[in-house]
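*Asks:* no sequence on this one, just coordinates:
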């Protein structure tokens with residue numbers, strides 16, 4: 001029987017990271033084992049809405065739909081069979097598979113068999129194949145760059161002076177702001193500036209259904225970063241890994257305790273390891289994580305300024321046919337749009353041009369009227385975040401934690 005606490009913890013994680021399809025399917029598999037087929041079907045169909053040909057989602061949807069008597073079961077089975085040529089077994093199996101395809105956490109055969117879990121290996125998280133980027137590749141965002149330079153880069157580039165003034169080459173910094181504004185890209189640029197290795201960690205690399213395994217995974221991640229120092233360790237969605245313990249049930253708080261111990265270097269030194277964490281919800285992060293010596297510095301990453309918006313539009317248009325598009329004028333019209341919003345705007349304009357080309361049989365470039373049509377429908381996605389942040393800035397700014405957010409919102413007349 002699946003532990004309800006494990007399911008509850010995964011439900012919290014999925015709520016915090018709704019686009020993590022692997023994690024959502026892992027939860028759906030456990031729900032199916034727990035005879036909650038209707039809930040499993042909801043999660044499986046959510047993934048299928050984004051990825052209609054996802055094989056694991058089709059299998060789980062077929063089993064779940066069949067159990068609850070949903071007429072869609074046959075359709076899911078037929079689509080799966082057409083894609084793979086393999087028949088899905090009829091009916092829900094007694095133990096639905098939880099495979100490495102369903103969740104990014106490496107799951108070994110002994111662990112699935114119930115044996116003692118092996119020590120995880122986190123070396124695969126190093127992005128050795130990713131092109132190295134630096135601040136020169138980040139358009140605009142001068143305030144963020146200056147804050148990172150002062151808090152992190154200058155001390156790391158001058159280790160002798162840093163030690164002379166009694167500072168260690170370690171520490172942590174929390175980046176927060178609306179989703180889609182480039183926090184992950186900036187973290188990679190920090191690693192490029194330091195010529196350091198970049199270790200990126202998300203929920204799926206840490207959370208595990210077996211009690212105690214999540215803590216082992218987290219320890220393995222930090223051990224890998226220490227072996228690879230100098231290293232930038234990037235913890236994405238830190239509000240899910242390090243959520244306030246008062247809001248958590250079951251073993252979830254143990255992950256936070258493990259994270260605190262690793263940040264403190266309880267077993268070994270963290271010299272040469274700089275921890276960058278990112279979150280859209282800093283107010284949900286456990287206060288203990290932001291104490292001195294841990295994630296004690298904070299940087300607000302806001303939607304790109306006009307210079308950055310123009311650069312992002314140019315980047316997204318670079319390999320697409322276009323004519324007469326004035327990206328400077330578009331940048332002026334898209335105030336408040338995140339980087340992800342701008343990519344969506346360009347994609348939508350390309351879809352309109354493609355649709356016309358298919359209809360007429362003659363390819364045409366993306367033109368200004370495509371963007372005019374798109375901007376009537378596509379609005380900035382950052383509005384809801386600032387609506388929530390407004391309450392925090394006004395009523396929960398204890399000790400000046402969110403002074404930079406208050407200043408930004410006042411400058412933009414959002415407060």
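*Replies:* Cool, got the structure. As the structure is a prediction and not an experimental result, all values here were calculated from the model. Numbering: from 1, shown residues only.
*Asks:* Which residue ranges make up the domains of this protein?
*Replies:* Domain assignment of the chain by automatic domain parsing yields the ranges 4-96, 124-300, 306-377.
*Asks:* quick check, distance from the last one to the centre of its chain.
*Replies:* For domain 306-377, the distance between its averaged C-alpha position and the chain's averaged C-alpha position is 25 Å (C-alpha atoms, centre = their mean, to the nearest Å).
*Asks:* avg pLDDT for it?
*Replies:* The average pLDDT for domain 306-377 rounds to 95.
*Asks:* That domain: end-to-end distance?
*Replies:* Length of domain 306-377, first residue to last, C-alpha to C-alpha, to the nearest Å: 21 Å.
*Asks:* neighbouring contacts of stretch 134-149?
*Replies:* Stretch 134-149 has contacts (C-beta atoms under 8 Å, 6 or more residues apart in numbering) with 173, 182, 185-186, 189-190, 192-193, 299-301, 304-312. Placement of C-beta: from N, CA and C, glycine included.
*Asks:* one more time with 6 Å, if that's ok
*Replies:* Applying C-beta atoms under 6 Å, 6 or more residues apart in numbering, the external contacts of stretch 134-149 come out as 189, 192-193, 299, 301, 304-305, 307-308, 311.
*Asks:* mind listing what's buried in it?
*Replies:* Residues of stretch 134-149 classed as buried: 135, 138-141, 144-145, 147-148 (neighbour count, 16 or more other C-beta atoms under 10 Å).
*Asks:* gap between the two ends of it?
*Replies:* For stretch 134-149, the first and last residues are 12 Å from each other (C-alpha to C-alpha).
*Asks:* ok but residue 298 is inside a helix, no?
*Replies:* No. Counting by DSSP: H, G, I helix; E, B strand; the rest coil, residue 298 is not part of a helix but strand.
*Asks:* secondary structure class for the nearest residue to it once chain neighbours are set aside?
*Replies:* Spatial nearest neighbour of residue 298, excluding adjacent residues (C-beta to C-beta, 6 or more residues apart in numbering): residue 174 at 5.0 Å. Following three-state DSSP, residue 174 is assigned to strand.
*Asks:* Mind listing the residues bridging to residue 174?
*Replies:* Taking DSSP bridges as the rule, residue 174 bridges to residue 277, residue 298.
*Asks:* pLDDT-wise, which helix or strand of this protein ranks last?
*Replies:* helix 109-112 (a mean of 35; mean pLDDT, DSSP states H and E).
*Asks:* From residue 19, how far out is residue 147?
*Replies:* Between residue 147 and residue 19 the computed distance is 28 Å (C-beta to C-beta, to the nearest Å).
*Asks:* can you check residue 239 too?
*Replies:* 15 Å.
*Asks:* Do a quick rundown of the helices in the stretch 151-300 of the chain.
*Replies:* Applying DSSP state H, counting those that start in this stretch to the stretch 151-300 of the chain gives helices spanning 154-157, 159-164, 183-194, 203-206, 213-227, 238-241, 252-264.
*Asks:* Please give the centre-to-centre distance between the fifth one and its chain.
*Replies:* Meaning helix 213-227. Taking C-alpha atoms, centre = their mean, one finds the center of helix 213-227 at 19 Å from the center of the full chain.
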